[in-house]
Structures are given as C-alpha cells and as structure tokens.
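Peer 1: A predicted structure for the sequence below; I have some questions about it.
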Amino acid sequence: MQQAGYPTVNRHIQIMNILELSEQEINRRNNLDELRAMGIDPYPAAAYPTNAFSTDIVSEFKDDAEPREVCVAGRMMSRRIMGKASFVELQDSKGRIQVYVTRDDICPEENKDLYNTVFKKLLDLGDFIGVKGFVFRTQTGEISVHAKSLTLLSKSIKPLPVVKYKDGVAYDKFDDPELRYRQRYVDLAVNEGVKDIFLKRAIVTRTLRNILDRNGYTEVETPVLQTIAGGATARPFITHFNALNQDMYMRIATELYLKRLIVGGFEGVYEIGKNFRNEGMDKTHNPEFTCMELYVSYKDYNWMMSFTEQMLEEICTAVNGKPEVEIDGQVISFKAPYRRLPILDAIKEKSGYDLEGKSEDEIREIAVKLGIEDTEHMGKGKLIDEIFGETAEGTFIQPTFITDYPVEMSPLTKMHRSKPGLTERFELMVNGKELANAYSELNDPIDQEERFIDQMKLAAKGDDEAMIIDHDFLRALQYGMPPTSGIGIGIDRLVMLMTGKFAIGEIMLFPQMRPEKRVPKDPVEKFVEAGFAEDIVPVLQKVGYNLVGDLAGGNAQKVQQQIGEVLKKFKLDIQKPSVDELKSIIDRLSEAE
C-alpha cells in the first residue's frame, strides 16, 4: 500500500521500471520501501551539521591529544560486517576515511534495529550517511572515526561500479572514455584523481583572474547571442530569436564587444566565458569552449608577449608548485622568456620553403606540393596558415611566440611598423598546439573597413569562415580607439597543458557528446489502439516488440509464450492475453501492413 506523503506511481510505469531494472536495482528499491515502512525518511530535508573532512581529520590527528569529536558525511564506499561491529569506508568531497560502527554505540537503547536491520541489511554501497563520533587510531594503525550515531542522508537506488585498488593498482575500472564523459558524476565518484584535475582547473582560472585583477583590469560580460558572428574566423551556430523574429549567432569570440569598451574609456577589460564554433569535434576541440580575452590600452604586442609569459609562469607554478609540467615524458618549461620567431621564418626553418614575397598562386602551388587539399577556395592568408599547420606548428614543444603574420591572415590586426605586408600579431605555440593569439589591435577605422571588405570577397569565393562586416564596430572605431593590445587564451587547452592531459574531454566536466543510441519505441497509446491492455505493453517491449508493427505476421502462440516467461521471471501479477486475443490483434496488424 502506498504510504501517505509519498507520490503515487502509475501502474504502467511501475511495471516498466521493474522490467528495465537489474536485480540489484530492484533490491535497492525494496530496501527503500522497507526504510519508509520503518518510518525512516531516505531523503531527509534537514541540514546535517558536518564539521570536518576526511583528509583534515587524518592530517590533524595527534595520538596524545584528547579524542576529537567530529561530524562527517559522505558516501559509503565499502562495508565489512563482523557481527556486532563493522567497518565502513566513507568518501567525502576531499577523500576517504574509515568509520568504526558497533551495534551498542549507535543503538544504546534496547531497540537494535538501526544496526541489525537498517545498517546491515537496508543500507547499500553508494548511500550517503552522516556519522557523529570521535577520532581514534585502530590497532592496525589506521586513523578512523568511532561512530556514536549514524544517519541515512540519501539512498542510492542505482549501484556504482566497484573499482578496487590494491598496491596503487585499480581493478574493475570504470575507464571507458565515452561512459566516463557521459556519466561524469560516476567518474568523479569512483575514479581516484579525476576530481583533482578539475580542482587544478579551478586553480588555473582563479590564478588567471587574480593576475588580471591585480593589474587593474576590469572583468566584464558581453552578449553570447549576437547579430553578427565577429571577432574570429570560424563557422558559427545559428539560433532564432522569436521575440524579434530574427536569426542570431552564438558568439565565436568576445573581441569586438571588448574593443567597444576600450573605445568607451576602460583602461583594460577582460572576459572569461564560453565561445561556440560549429566545427568538428576531436580529442583537442570541443564546439563549446572557454576562452579568456584581454584588451589593454596603450600597449602593443611586444608588451603582451612579456605579460603573457610572466602570467603563464605564475599559473604553472600555482598549479604544479613549479614553472614546469611533464607531458608524455617530456618536460615543458613555462619559465620566461620564450623564443620569438616570425611565421615565415618558422615555415622556412621547418619546411625549407621561403614564402616571403611570393604571390598567392605561387604559395598555392607550394601548398599542393605539400599535399594540402581544396586550395582553390583559399586566399593567401589561409594558404600560409595551412602550410604552417602542415609543416611547422606541431614541432614547437617548448613555448614559442610565432610572430608577424601576413596581413591576409589577420583582418583585425595593426600593420607592422617596419615590415610591409605583415602585421603585429603573435600566436603562442606549446606542445605543438596554439595556446594564445594576440595583436597590436587595428584602430584605423578606414583600414578596418577595407579589411572587412576583403574578408567578404573571400566569403564570396566559398570561405565559410571569413568575417562579416560589423558596421556598429566600425562606427565605434570612428569615434577613436587608443593604441591597444589584445589576447585570447583557450582555457581548456591551457588546463590540458597544466595537467598533462591529451584529450579535451579529460579537462571538461561535460564535453559535448553524440546522442546516446536508444531503441525506438512506440508510445503506449499506439499499442492500446491496436487492442492491447496498457499493463501488457512494457512486457511486449521487454520481449522485443518495441513497435506495434513488429507484431505483424507474428505467431500468436509464440508471443503468448514469451509474455508468460517474462511474467514468471519478474513475478508480475498481470493477466496474460489468450492466444485467440493475440491472434486477432496480429491478424489486424498484418492486414494493415
């Protein structure tokens, strides 16, 4: 009977749940019902007054001190029952600690149900429990909590994977990457070290923000929905704004709005936020990613290189305790200063091809020789970019500033003060990948408009990553923008470097995933329309008849036998349809086919 105060579940849903659950899940739900029948709320609302964490208890323990009273809470990850005494391994947000539980301590009165029934039989691994007691050292030397009271805080009705550790080696791992990324909550709960990655990520962003704030720069927020996808060369996501009946773009960069704020009088502004680019997914790219962009008045790209290398050295030290990180057996040093190398010199150094002074057609010919495809739609800048990526980019392991990009590659960048045809731009390469992109920002409104027009010509040739003219940004520049330097740093890639990870999914809590494959099923109503009782539909779908049409041409006697086997296995009190009833329905479905 359903207890007062608890929700009533539709009978069809109850049957469906039973058929889809494992034996362990059914047992846990039975335990849930028994707890409620005993008057124990498996999901209490009251706050639980914790005052200590596992790791702190261990580090602060002193054998000669008075026993410390503590109140701890967390998941029960293991349990060893030994008659009237037991041991539990409790996992909180910082680590694990052993809890010693005795019957007479947690049940000081005559009634021993809390230990004999609740603790020993109705609690399951993965349940959240609260423990009040004192800290002591066991005879084997393990610092533990001696429980004086025990409270169920939240019941787990789905068993966690059990990962066993012996001598530092994990067994029965939950280690399939797709499952780990899709069910990050399980990954965090059972795999040691995963949470540490995201704590380090928090240190990266916190240190970065502290550096920028310390230098007097203002953190701001700019629109995610934009009428023009500007500030970078990338394919945008498109959405629709119903109130305005207008298509909008998810931003691909924050650049143009941040520069508007420099025009308005801010000395320096930065934003740490999400950008969205409707491009491929792979081990190092996610369509939704975090980026930091910074713009500072009266600075140039030379100043920004010095500022960047000092900033990264400080971040690496904050994360790893030193300005170095080991990746795949190779030590990468973020100790300033870094090498500075013009892009055309880098291509010449790595490939032997000297592109300086060459025409677009000559560069295209070299690109084809290098095996680069689909070059007919590429302009000069895109061709140089592809050649650099093909021959040089992956070779720069130690931090290296690649500088002085051709103007065709840099539509938002100031022309180089002494090198015609080049711009004051750098990209920072680390471990063979771009980490940062920075300029002496273009602040000549007439030059900027001409660059936008050139970009539109590339778009007309088929380049779907070319920039669109932003007339409002041009209007802002016409009011005057001071000399400015700006930089964009990919936070995800920075965290990958600082933690020594190769896959972006390892450092994003919830990376984008392809939809889970689900077996298509007709709704219950469609089966009912065909003549089936509502209760029997989950049974039919358990057998494999997920669509009404799957029954067309079937054998009524076989279908009835299959239904009977499921009813018997799961002990379901449901009326089994007769062979004649099934034959009548199947015949109608066959005729309709």
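Peer 2: Yep, it's here. Numbers count the residues shown, from 1 in each chain.
Peer 1: Can you give the contact residues for stretch 567-580?
Peer 2: Contacts of stretch 567-580 from elsewhere in the structure, counted by C-beta atoms under 8 Å, 6 or more residues apart in numbering, are 15, 18-19, 532-533, 535-536, 539, 556-557, 560, 563-564, 566. C-beta here means a position set from N, CA and C on the backbone, and glycine is covered the same way.
Peer 1: switch to 7 Å and redo it
Peer 2: The list of residues contacting stretch 567-580 from outside it, by C-beta atoms under 7 Å, 6 or more residues apart in numbering, reads 15, 18, 19, 535, 536, 539, 556, 557, 560, 563, 564.
Peer 1: all helices in the stretch 351-500 of the chain, in order from the N-terminus.
Peer 2: Listed in chain order, the helices of the stretch 351-500 of the chain (DSSP state H, counting those that start in this stretch) span residues 360-369, 380-391, 445-460, 471-478, 491-499.
Peer 1: so which of the ones you listed comes closest to residue 290?
Peer 2: Evaluated over those, closeness to residue 290 peaks at helix 491-499, with 4.0 Å, by C-beta to C-beta.
Peer 1: any idea which helix or strand comes after the closest one?
Peer 2: helix 524-530 (DSSP states H and E).
Peer 1: Just the buried residues of that next one, please?
Peer 2: Neighbour counts over helix 524-530 (16 or more other C-beta atoms under 10 Å) mark 524, 527, 530 as buried.
Peer 1: What of stretch 553-561?
Peer 2: Neighbour-count burial for stretch 553-561, counted by 16+ other C-beta under 10 Å, picks out 554, 556, 559, 560.
Peer 1: circling back: closest one to residue 103 among the helices of the stretch 351-500 of the chain?
Peer 2: Taking C-beta to C-beta as the criterion, residue 103 comes closest to helix 491-499 out of these, the separation being 45.3 Å.
Peer 1: just checking, what packs against that closest one?
Peer 2: For helix 491-499, the contact count by 3 or more C-beta pairs under 7 Å, 6 or more residues apart in numbering; DSSP states H and E identifies helix 194-214, strand 288-297, helix 301-320, strand 433-440 as packing neighbours.
Peer 1: Need the residues that contact the third one.
Peer 2: When you say that, I think you mean helix 301-320. Counting contacts by C-beta under 7 Å, 6+ apart, the residues outside helix 301-320 that touch it are 200, 203-204, 207-208, 211, 323, 325, 334-338, 340, 401, 424-426, 428, 436, 438-440, 485, 487, 498.
Peer 1: Buried ones only from these, please, as a PyMOL command.
Peer 2: Below is the selection syntax for PyMOL that covers the buried ones among these, with 16+ other C-beta under 10 Å defining burial:
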select buried, resi 200+203+204+207+208+211+323+325+334+336+338+401+424+425+426+428+436+438+439+440+485+487+498
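Peer 1: which one in the contacts of stretch 567-580 is the model shakiest on?
Peer 2: Sorting the contacts of stretch 567-580 by confidence puts residue 15 at the bottom, with a pLDDT of 76.
Peer 1: any idea whether it is helix, strand or coil?
Peer 2: With DSSP: H, G, I helix; E, B strand; the rest coil as the basis, the three-state label of residue 15 is helix.
Peer 1: Run a quick neighbour tally on it.
Peer 2: By other C-beta atoms under 10 Å, the residues close to residue 15 number 21.
Peer 1: Could you pull up phi and psi at the nearest residue to it once chain neighbours are set aside?
Peer 2: Counting by C-beta to C-beta, 6 or more residues apart in numbering, residue 15 lies nearest to residue 538, which is 4.7 Å off, once chain neighbours are set aside. Comment: the main-chain dihedrals of residue 538 come out as phi -60, psi -30, following degrees, to the nearest 10.
Peer 1: My read is that residue 538 contacts residue 19, right?
Peer 2: Yes: using C-beta atoms under 7 Å, residue 538 is in contact with residue 19, at 5.2 Å.
Peer 1: More neighbours: which of the two?
Peer 2: A side-by-side neighbour count of residue 538 and residue 19, using other C-beta under 10 Å, places residue 538 first with 25 against 16.
Peer 1: pLDDT at the more buried one, what is it?
Peer 2: The model reports residue 538 with a pLDDT of 91.
Peer 1: repeat for the one 10 residues further on
Peer 2: Here, the pLDDT recorded for residue 548 equals 93.
Peer 1: tally of neighbours for it?
Peer 2: Neighbour count for residue 548, taken as other C-beta under 10 Å: 21.
Peer 1: go on, residue 535?
Peer 2: Here the count is done by other C-beta under 10 Å, and residue 535 has 17 residues near it.
Peer 1: show me the contacts for residue 490.
Peer 2: Contact partners of residue 490, counting by C-beta under 7 Å, 6+ apart, are 289, 291, 435.
Peer 1: Serialize the residues you listed to JSON lines and add fields for distance to residue 302, neighbour count and pLDDT.
Peer 2: Below are the contacts of residue 490 laid out as JSON lines (distance: C-beta to C-beta, whole Å; neighbours: other C-beta atoms under 10 Å; pLDDT from 0 to 100):
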{"residue": "289", "distance to residue 302": "28", "neighbour count": "18", "pLDDT": "96"}
{"residue": "291", "distance to residue 302": "23", "neighbour count": "23", "pLDDT": "97"}
{"residue": "435", "distance to residue 302": "18", "neighbour count": "19", "pLDDT": "96"}
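Peer 1: Provide a list of residues in contact with residue 205.
Peer 2: Listed by C-beta under 7 Å, 6+ apart, the contact partners of residue 205 are 272, 491.
Peer 1: Need the winner for burial among the helices of the stretch 351-500 of the chain.
Peer 2: A comparison of the helices of the stretch 351-500 of the chain by mean neighbour count, using mean count of other C-beta atoms under 10 Å, puts helix 491-499 on top with a mean of 23.
Peer 1: Contacts made by that one with the rest, please.
Peer 2: Contacts for helix 491-499 (C-beta under 7 Å, 6+ apart): 197, 200-201, 204-205, 272, 286, 289-292, 315-316, 319-320, 325, 430-431, 433, 435, 504, 507-508.
Peer 1: let's see 6 Å
Peer 2: When contacts are defined by C-beta atoms under 6 Å, 6 or more residues apart in numbering, helix 491-499 is touched by residues 197, 200, 201, 204, 289, 290, 292, 319, 430, 435, 504, 507.
Peer 1: That helix to strand 288-297, inter-axis angle?
Peer 2: Per axes from the mean of the first three to the mean of the last three C-alpha atoms, to 10 degrees, the angle that helix 491-499 makes with strand 288-297 is 100 degrees.
Peer 1: Rounded mean pLDDT for helix 491-499, please.
Peer 2: On average, helix 491-499 scores 97.
Peer 1: returning to that earlier point: any chance of the helices of the stretch 351-500 of the chain in CSV, plus distance to residue 36?
Peer 2: As requested, the helices of the stretch 351-500 of the chain are arranged in CSV below (distance: least, C-beta to C-beta, whole Å):
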stretch, distance to residue 36
helix 360-369, 70
helix 380-391, 61
helix 445-460, 64
helix 471-478, 61
helix 491-499, 44
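Peer 1: what residue ranges in the stretch 51-200 of the chain score low on pLDDT?
Peer 2: Within the stretch 51-200 of the chain, the stretches with pLDDT under 70 are 165.
Peer 1: again, only this time at 80
Peer 2: The stretch 51-200 of the chain contains residues with pLDDT under 80 at 163-172.
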